[in-house]
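Peer 1: With the sequence up front, the predicted model follows.
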Amino acid sequence: MTSSELDPRTLTLLGVEGALEAASLPRATADTLAGLSAHPDARVRALVARHPNTPVEVLGTLAAAYPADVLANPGLPLIRLARPNLLAAFPADSVIALLNAEHTPAWVVDAALRHEDYSVRTALASRPGLSAERVTALAQDAGWQIREAVARRDALPDNLVRQLAADDDYDVRKAIAARPDLPGDVLRTFITDGHGLVRASVARRLDLPLDCMISLATDGDADVLATLARRVDLPRGVREWLATHEQAGVRAAALQGWTVPLAWLSRAALDADPDVRAALAHRPDTTPDMLTALATDDAEGVRRAVLERSDLPDGAVLALARSPEQDIRLHVASAEGLSAAVLDVLVTDPDATIRTVLAVRPDLGEDRLEQLARDPNPEVRRAVAYAPATGRATLTRLAADANAGVRRAATVHAHLPTEMQDTLAVDPDDGVRLSLASRSDLTPDVRSRLQEDADASVRAEATSQ
């Protein structure tokens, strides 16, 4: 069959070998190649991307996933001659993929510089190895995202640093304020910048001069003060003032410093704002007594902050096991290394889901399993019937449970007493007898009885063993 005989509407149904052959034919038509561009096999699509007869709009779509193949298309030079502004018709993600391809030709870079989509120019502005002329042109771009990308470049001439430091957009200035090579005189202009995020960016600098720190400490913006409060290289008086600031966000930020005085921890434990107490819960040097108290905090956010820790004392875990939030208690019930006191609390939890999760714990103990085996909720009892640690006496009771689902679970347990097989073989529930028939340790009499069961599925299962 020739390529002209292929129906473009059904090309995606071709087998892989047939599609590969069709995409390789030198005289494949544009319609055929367009149809093959949607083929599920990546090798077929790559061949279409390399074919000189592939329509421009199809190449534009394929370039996003196959940029190297599109660039290697032998028909591309002629297409460019016919359409000098070729990449303007390509989707933005395709042009970005071409930019990121290995050995991207200069004409792609030039086209990206003129592309109307700002995301293309932003990707170009982040590209290493750009010429000084292109970087300068991008620094004048009308889109702030592009100028911001230029401001983040590893190497930037001093004149562009100073130009962008005075940019109208605060995101551009913020990017400049974070540069490690920022001249000192430019840095000091940012201390009084009109936007708080720019001043906060300066407040993060590791090399921030002491006088600039003190100036920023008088800032009225909470974000600036919070950023400054996390520093540990402030004068002691400034740190203490920020740690007792009237705004809770600043006080909480002060607790996020690398080190804080022990007195701050005790003060934070009594702070009226839950965000401050939550910040205390995250600190590695918070004492066990404090963590236990925080685990009973009235604020849910504080208790959740405590829950995130992996080094909680048993008192804190016990408090969380009594938390009003079901998901917190469920998290505790799933944790490793729970004490007997915590297990005793959880085994009587009002939520059946938690008791069900608890039932399959290997460390629950026979007494607690026996307690859950008498649970009013059949889901809990079924979980006990599945639990590997459940003993023979408990299994005997569960195998006679009023709920058929519980009996089915007990029937397949590895420790089911052999004497229960006779009773289960005449269980009124077909599912129980089917579960029993799946066992490989059936007595000959029970197997024979099940092979003559009234239910065909039970007979088949018993016979297959």
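Peer 2: Yep, it's here. Numbering: from 1, shown residues only.
Peer 1: Where does the prediction get shaky in the stretch 251-400 of the chain?
Peer 2: Counting by pLDDT under 70, the stretch 251-400 of the chain contains no low-confidence residues.
Peer 1: Would you map the helices across it?
Peer 2: 262-269, 274-282, 288-294, 300-307, 314-320, 326-333, 340-346, 352-359, 366-373, 378-386, 392-398 (DSSP state H, counting those that start in this stretch).
Peer 1: okay, the angle between the second one and helix 262-269?
Peer 2: Right, helix 274-282. 130 degrees (axes from the mean of the first three to the mean of the last three CA atoms, to 10 degrees).
Peer 1: Helix 274-282 packs against which elements?
Peer 2: Applying 3 or more CB pairs under 8 Å, 6 or more residues apart in numbering; DSSP states H and E, we find helix 274-282 packed against helix 248-254, helix 262-269, helix 288-294, helix 300-307. All C-beta atoms are positioned from the backbone trio N, CA, C, and that covers glycine.
Peer 1: mind checking which of those helices is nearest Thr192?
Peer 2: helix 248-254 (20.0 Å; CB to CB).
Peer 1: ok, residues contacting that closest one?
Peer 2: For helix 248-254, the external contacting residues (CB atoms under 8 Å, 6 or more residues apart in numbering) are 222, 225-227, 229-230, 239, 242-245, 260, 264, 268, 271, 273, 275-276, 278-279.
Peer 1: What's the PyMOL line that selects buried ones from the residues you listed?
Peer 2: A single PyMOL command is used to select the members of the contacts of helix 248-254 judged buried by 16 or more other CB atoms under 10 Å:
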select buried, resi 222+225+226+227+229+230+239+242+243+245+260+264+268+271+275+276+278+279
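Peer 1: Need the three-state assignment for Val426.
Peer 2: coil (DSSP: H, G, I helix; E, B strand; the rest coil).
Peer 1: returning to that earlier point: so which of the contacts of helix 248-254 sit within strands?
Peer 2: Residues of these located in strands (DSSP state E): none.
Peer 1: Show me what the helix or strand containing Ile214 is packed against.
Peer 2: Element membership for Ile214 (DSSP states H and E) is helix 210-216. The contact analysis (3+ CB pairs under 8 Å, 6+ apart) places helix 210-216 against helix 196-203, helix 222-229.
Peer 1: Need the contact partners of the last one.
Peer 2: So that's helix 222-229. Here helix 222-229 has contacts from 196-197, 199-200, 203-204, 213, 216-217, 219, 234, 239, 242-243, 245, 247, 249-254, 256-257, using CB under 8 Å, 6+ apart.
Peer 1: Check the first one too.
Peer 2: Under the criterion CB under 8 Å, 6+ apart, residues 170-171, 173-174, 177-178, 187, 190-193, 208, 212-213, 216, 219, 221, 223-224, 226-228, 231 lie in contact with helix 196-203.
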